[in-house]
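J.: any chance you could fold what I've pasted below:
(chains A, B, C and D)
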Protein chains: 4
Amino acid sequence: MKEIGVGVIGTAFMGKAHSIAYVAAGTAFGDGLRPRLEMLCDISAERGEAKRIEMGFARSTTNYMDVVNDPKVELISVCVPNSVHKVISVAALKAGKHVWCEKPMATDLAEAEEMLTAARLSNCQTILGYNYVQNPLVQSARQLVEEGAIGKVIGFHGIYDIDNEADPDRPHSWRMSREASGSGANADVMCHLLSIAHLMTASEVTRLVGDYDTVHKQRSDPKIPGQTLAVDNDDVCTVLVHFACGIKGTLRVSRVAWGRKCGLRWEIHGSEGMIYFDQERLNEIKLYTRSDDPRQQGFKTILSGPYHPPYDAFLPNAGHSLGFIDVKTCELNKLLVAIESGEPAWPSFEDGIKIERVLDAIDRSAMSGQWLDV
Amino acid sequence: MKEIGVGVIGTAFMGKAHSIAYVAAGTAFGDGLRPRLEMLCDISAERGEAKRIEMGFARSTTNYMDVVNDPKVELISVCVPNSVHKVISVAALKAGKHVWCEKPMATDLAEAEEMLTAARLSNCQTILGYNYVQNPLVQSARQLVEEGAIGKVIGFHGIYDIDNEADPDRPHSWRMSREASGSGANADVMCHLLSIAHLMTASEVTRLVGDYDTVHKQRSDPKIPGQTLAVDNDDVCTVLVHFACGIKGTLRVSRVAWGRKCGLRWEIHGSEGMIYFDQERLNEIKLYTRSDDPRQQGFKTILSGPYHPPYDAFLPNAGHSLGFIDVKTCELNKLLVAIESGEPAWPSFEDGIKIERVLDAIDRSAMSGQWLDV
Amino acid sequence: MKEIGVGVIGTAFMGKAHSIAYVAAGTAFGDGLRPRLEMLCDISAERGEAKRIEMGFARSTTNYMDVVNDPKVELISVCVPNSVHKVISVAALKAGKHVWCEKPMATDLAEAEEMLTAARLSNCQTILGYNYVQNPLVQSARQLVEEGAIGKVIGFHGIYDIDNEADPDRPHSWRMSREASGSGANADVMCHLLSIAHLMTASEVTRLVGDYDTVHKQRSDPKIPGQTLAVDNDDVCTVLVHFACGIKGTLRVSRVAWGRKCGLRWEIHGSEGMIYFDQERLNEIKLYTRSDDPRQQGFKTILSGPYHPPYDAFLPNAGHSLGFIDVKTCELNKLLVAIESGEPAWPSFEDGIKIERVLDAIDRSAMSGQWLDV
Amino acid sequence: MKEIGVGVIGTAFMGKAHSIAYVAAGTAFGDGLRPRLEMLCDISAERGEAKRIEMGFARSTTNYMDVVNDPKVELISVCVPNSVHKVISVAALKAGKHVWCEKPMATDLAEAEEMLTAARLSNCQTILGYNYVQNPLVQSARQLVEEGAIGKVIGFHGIYDIDNEADPDRPHSWRMSREASGSGANADVMCHLLSIAHLMTASEVTRLVGDYDTVHKQRSDPKIPGQTLAVDNDDVCTVLVHFACGIKGTLRVSRVAWGRKCGLRWEIHGSEGMIYFDQERLNEIKLYTRSDDPRQQGFKTILSGPYHPPYDAFLPNAGHSLGFIDVKTCELNKLLVAIESGEPAWPSFEDGIKIERVLDAIDRSAMSGQWLDV
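T.: Predicted structure coming up:
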């Protein structure tokens, strides 16, 4: 058993999720690299030190370059706002550090391409935090599709609705500004849906027509009471898509959909069956295959279990449920295996760029009203 | 209590459903017109007579003009293939008969316009068999939306998947020929989705971009063993839509979606909540409204009950479930009330033409790859 | 096609449900006896005549003996309070009329035995209104069990919760008095559960221990403001049971279970699988059978369809949903077939008495705190 | 931040779950005691050392007394078969070590009483591994009940079905022998249900009548091909119960229920509402409370979120799902807080003994066929 020193940049939602995954991975997977919490980075020295103690890192810093340059750090988590993914990832890769970067890659395609270039020039492994694809049940679903359980794939449809910005009384933020953060729901939410679409079809979106809607066009100015500021990026993004493999589908996302907390739902249609999935019930998958007896035909509700590896790294009994953090730990394990084996994990920056190109094409299509090739 | 003589043209699925509704309506609703089964029409004299006896009509015929011209018939059900909706409906209206016509109106927009003209020139009432809109729970949902239960409407999304043609081994039929039946899933399935979209938004689709997919491109020739015939209309139809009221949405339908038997699912998004519905569970509606206590927020599963009129015409107790035929009876009752009151029912031919225009625009958009105004 | 004249005694929930079923049956089933609405009986002449017109009967009366003695009436529906089931049923049977009697048979076992004796002495057919057993999907489930789909039956568990009396502020009524109506939830609700238990196991309860709970012990007196009256029968009834076939199980019912509108849920456990059912989703059944591939094991959600006869008497397409009234029509059809064929329907008075004996034993056990043989 | 040295005895399902929880707790909760993996014990030296490396402990041993006596170990996890819970727990408590013991306490009541005595004589904290009560959503449900969200509690009903022994072809094991393991499903599965019943009612079972069923009476002898051995404890256990607080209820468990992987389902009935829960969907709770508008009444599906603490120790966003291991980590945190504060956690040995007494009374009642006081 070998250790690997890790650094985490960012201490919010994802910074913490990565940190728990790092400590859990060693005990859950055991037979590979064991992460060692070396350094934590936060722009606030005070918060960084408090979080360091809370989460159990050896050292903290306010300068991400301290993490990048630390000789004990071999793997770096990039858990900061999208606008600084590029600069940190590129620096880390140049310094020879493996990178676990949260999704999406960057705020525009040019930055993502730079990241890919840096990855290609390095000897390092990368993985992007598209966690929903790492669910053992989803991986098993992909396996079943590959084995032909639903026949030939004939369509893919996905929805990802959340209610983060559903309240019309939420004040304006940088997320609602095209200048500050690029597209809205498209960048933030659609990317997850594309990761699933690409995984499940083993293909990629190549042609599309997209549409944007800004539902809440004015938001209160958080600084000047009584004033409002315009929202100039998309609350809702909808797309008709064609895939390289010849199938077609639809994708839609919203950040203003009341009641949906993690409302990622997708269906893959086959010539002999169908699978559908709802992320809010991440331990269940629904499978329809043809039945000899019509009286017995119906969708099966399959509960995750040890026969959906690596569920068995956590639990030997079915139906006991994995959670988000467990899935994040599976994601990390993919990267650790890649680092040990030299074989890339999925989705690396090579795979992520394909998602970025689709996001970019959606944006251009929504702006121009044209069907476009990716 | 006054009686009204009725004639039914067509004896298959819908001919029978209309006939049961006619006899049930009198007893269930009671206080209005009571239908009397006068004449049944089938192109086969033998089958028509057998069905007449089975279903309890006074007379049968093979000539629809006998029904149209019968002095005892005041109301005519048009339950025949779409290609003959127009000729029968127009004849009936010209003869002064009220018309209950199955959906969609016709196989092309020109025919539908002729039907509307005939309706306008008559003193008769019409209703189209868009039965899913007549579900008391759906009508109640519309009422809740009107009262502001989910705030301002901000989006509508609908899916209607069925597996009627999912089996790749099903032979070719007239439904799969553009010449014989126009568009495929668009005409047959999408029209239902539009009826819900128009009801729930109290608006109509005015701009759109659509896409077709023919998944199973060749089907076995039912006449010549070993031969195949090309399918030249759509198995799947997907659309991005804008509504007159300013909101946007998505619509998608498939006739090749394994496992979906009546897979009509729709969501209406509001600024303060959401409603969603699945036709396979027609006695349930899901409603999310904001909660003062975040610990208690969630979608409610509302079971249909007597407080969702006219559920109470059938049952005084909640949770006992209406079925498809009951909803068809509600639909008929709308028409009977319209006939008595002189106030049009919804959706009459005036309302149906708006659906036809959207279907036509979807077809043109899918063929041309352009965003189009309806 | 032969007609059969029918009389309905009682015009409330069940009087109306029977009446709609009578008119629908002819058109839906067609090939058997066609009911003709002859006479309606209500203790109020005014209401009876109003209902007669509404529901389409030929004549009305306030005296049930008019119905019993009417030569045009061959079949009588007993849709009155339980306390008068016996007197009417016995009179009808003595007059040579077939009887469709609502559940339970009577308010005590002695009365039920009298009814059975009258049935045995007649040449008439009887059926009891245990409608949940007549659901085509439930009948199909029984068929599957018989065919061994779940192996050997090893257990049966049922629940029936409703919220009719859940509100503590509902005033006292005759239902809450042991003198006026015998046991409470046991008589009213448990009988349904037993009908399912007996159907699904093809056996009967032979030994049990039961318990009662009166949750709301005082109710406001509807006549004297500010006063309360004691509730002296059971709001909740729970039972451990053994069946003649050797299996064991549990049954529990409540009339004070908030949110349950028709909360009948049951499970049949087998050595190779399981079936469960929820009456609030009466068009769905869940079936688990062993799977060769553990990754694909799970409960199937089966939607009712034409392969679950006689669903096909109503609808040719799956997933379109039957309702309570349709199931009531299926129940009637069983009786009509019995009348024509001379072969008894299930559950006739012969079958119903077995349910009554169990109810009686539950009552005695709950009072004595003893395990008892039925 | 202080560290606490921990030892884990047993390396199977629960040994691993405890170990992951130990490492995760530090990072997730952060502000309390941070566990340090000191010593792992397995009866096989080889497996113990392998697991030590895999899971990251400092040392391993085959002798549990090494763990008990180790000066660096302050807290001991007892994750061994029930028959040795007592000897290890008592030794640990005598050595002044805090104890995290898996459920149930022991194989008979006398042993459990010894454990309680040892705990009382020590200055140590104890907690039992009744993990389903530690789910943040369940804890929040209890809080809602306490606040009166469903009015006065009027009933509790629980089911826990699993299919571990459902296959009739599974060979005989020690679990199926009354001598080797005491009662079957009662000891193994019912104890979980009681932990929920006691938590949710804030009361305890005081009177009951129970029943056993051994469904598969003979199992193949794992040692002698062609031979069978008798199963002499319960596959199924069913109970009618009364609680100290005056309410009544039912409990039933089965270890032979096909398709149920973790089928713990419970309902708490109130005078103004109801809550129900299904452990296979551990991130959802269903709540019914009365509604002013009957059209809007229904059960809410509440997804777990940061407002159900300590969900927020893991994730800041609702609907992202906790898993079994996270809940185990919550359980551990309760114990760590108890160790720091000196205030007992729930359920300590003091609380667990009440469960054991009920299990014992169920066993005696099932054997004697009598209602018994606990």
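J.: list the contacts for residue A:181?
T.: A:82-83, A:107, A:174-175, A:187-188, A:233 (CB atoms under 8 Å, 6 or more residues apart in numbering or on different chains). Where you see a C-beta, it was placed from the backbone N, CA and C, and this is true even at glycine.
J.: for it, give me phi and psi.
T.: Dihedral angles of residue A:181 (phi, psi; degrees, to the nearest 10) stand at phi -140, psi 10.
J.: tell me the confidence at it?
T.: Predicted confidence (pLDDT) for residue A:181: 80.
J.: pretty sure residue A:347 is in a strand, no?
T.: No - counting by DSSP: H, G, I helix; E, B strand; the rest coil, residue A:347 is not part of a strand but coil.
J.: still on that earlier bit, TSV for the contacts of residue A:181, including distance to chain B and pLDDT?
T.: Listed next are those as TSV, based on distance: CB to the nearest CB, whole Å; pLDDT from 0 to 100:
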residue	distance to chain B	pLDDT
A:82	25	91
A:83	28	90
A:107	25	88
A:174	22	88
A:175	18	90
A:187	19	92
A:188	17	91
A:233	15	96
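J.: out of those residues, which is nearest to residue C:339?
T.: residue A:188 (67.3 Å; CB to CB).
J.: settle this for me: that closest one is touching residue A:176, isn't it.
T.: No - using CB atoms under 8 Å, residue A:188 is not in contact with residue A:176; the gap is 11.0 Å.
J.: quick one: buried residues of stretch A:80-99?
T.: A:80, A:82, A:84-93, A:95, A:97-99 (16 or more other CB atoms under 10 Å in any protein chain shown).
J.: got it, and stretch A:24-42?
T.: For stretch A:24-42, the neighbour count (16+ other CB under 10 Å) marks A:24-30, A:32-42 as buried.
J.: which of those fall in strands?
T.: Counting by DSSP state E, the buried residues of stretch A:24-42 place A:34-41 in strands.
J.: with distance to chain D and pLDDT added, can I get these in CSV?
T.: Below are those laid out as CSV (distance: CB to the nearest CB, whole Å; pLDDT from 0 to 100):
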residue, distance to chain D, pLDDT
A:34, 6, 94
A:35, 10, 96
A:36, 10, 96
A:37, 8, 96
A:38, 14, 98
A:39, 15, 98
A:40, 11, 98
A:41, 16, 98
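J.: now the spatially most central residue of chain A, nearest residue through space, not along the chain?
T.: In chain A, the residue lying closest to the centroid (CA atoms, centre = their mean) is residue A:130, at 2.0 Å. Distances taken as CB to CB, 6 or more residues apart in numbering or on different chains place residue A:195 nearest to residue A:130, at 3.6 Å, with adjacent residues excluded.
J.: which is the next helix or strand following the lowest-mean-pLDDT helix or strand in chain A?
T.: The least trusted helix or strand in chain A, going by mean pLDDT, DSSP states H and E, turns out to be helix A:178-181, with a mean of 84. Sequence-wise, the next helix or strand downstream of helix A:178-181 (DSSP states H and E) is helix A:185.
J.: quick one: mean pLDDT for that following helix?
T.: pLDDT averaged over helix A:185 gives 96.
J.: again, but for stretch A:315-335
T.: 97.
J.: which residues of the stretch 151-300 of chain A lie near chain B?
T.: Residues of the stretch 151-300 of chain A lying near chain B by CB under 8 Å from any CB of the partner chain: A:151, A:154-155, A:157, A:159, A:166, A:168, A:209-211, A:213, A:215-216, A:236, A:238-240, A:247-250, A:252, A:254, A:256-260, A:269-274, A:288, A:290, A:297-299.
J.: can you tell me which of the residues you listed are classed as buried?
T.: Judged by 16+ other CB under 10 Å, buried ones among those: A:151, A:154-155, A:157, A:159, A:166, A:168, A:209-211, A:213, A:215-216, A:236, A:238-240, A:247-250, A:252, A:254, A:256-260, A:269-274, A:288, A:297-299.
J.: pLDDT weak spots in chain A?
T.: A:1 (pLDDT under 70).
J.: what are the ranges of the helices in it?
T.: A:13-29, A:45-55, A:64-69, A:85-94, A:109-121, A:136-146, A:178-181, A:185, A:191-201, A:324-341, A:349-368 (DSSP state H).
J.: near chain D, from the residues of the stretch 151-300 of chain A next to chain B?
T.: residue A:260.
J.: can you tell me which of the contacts of residue A:181 are buried?
T.: Here, 16+ other CB under 10 Å leaves A:82, A:107, A:175, A:187-188, A:233 buried among the contacts of residue A:181.
J.: chain D: which of the residues you listed is nearest?
T.: Nearest to chain D among those, counting by CB to the nearest CB, is residue A:188 at 12.7 Å.
J.: what's near enough to touch the closest one?
T.: Neighbours of residue A:188 in contact, by CB under 8 Å, 6+ apart: A:104, A:175, A:181, A:255.
J.: tabulate those (TSV), appending distance to residue B:357.
T.: Formatted as TSV, the contacts of residue A:188 follow (distance: CB to CB, whole Å):
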residue	distance to residue B:357
A:104	39
A:175	38
A:181	39
A:255	32
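J.: if I look at residue A:288, how far off is chain D?
T.: Per CB to the nearest CB, to the nearest Å, residue A:288 is found 17 Å from chain D.
J.: now stretch A:308-328: buried residues?
T.: Result for stretch A:308-328 [16+ other CB under 10 Å]: buried residues A:308, A:310-311, A:313-315, A:318-328.
J.: contacting residues for the residue of the stretch 1-150 of chain A found nearest chain C?
T.: Closest to chain C within the stretch 1-150 of chain A is residue A:140: 5.5 Å, counting by CB to the nearest CB. Shown in contact with residue A:140 (CB under 8 Å, 6+ apart): A:285, A:307-309, C:295.
J.: let's see 10 Å
T.: Each residue near residue A:140 by CB atoms under 10 Å, 6 or more residues apart in numbering or on different chains is listed here: A:285, A:302, A:304-305, A:307-309, A:311, C:295-296.
J.: give me the buried entries from these.
T.: Buried, going by 16+ other CB under 10 Å: A:285, A:302, A:304-305, A:307-308, A:311, C:295-296, out of the contacts of residue A:140.
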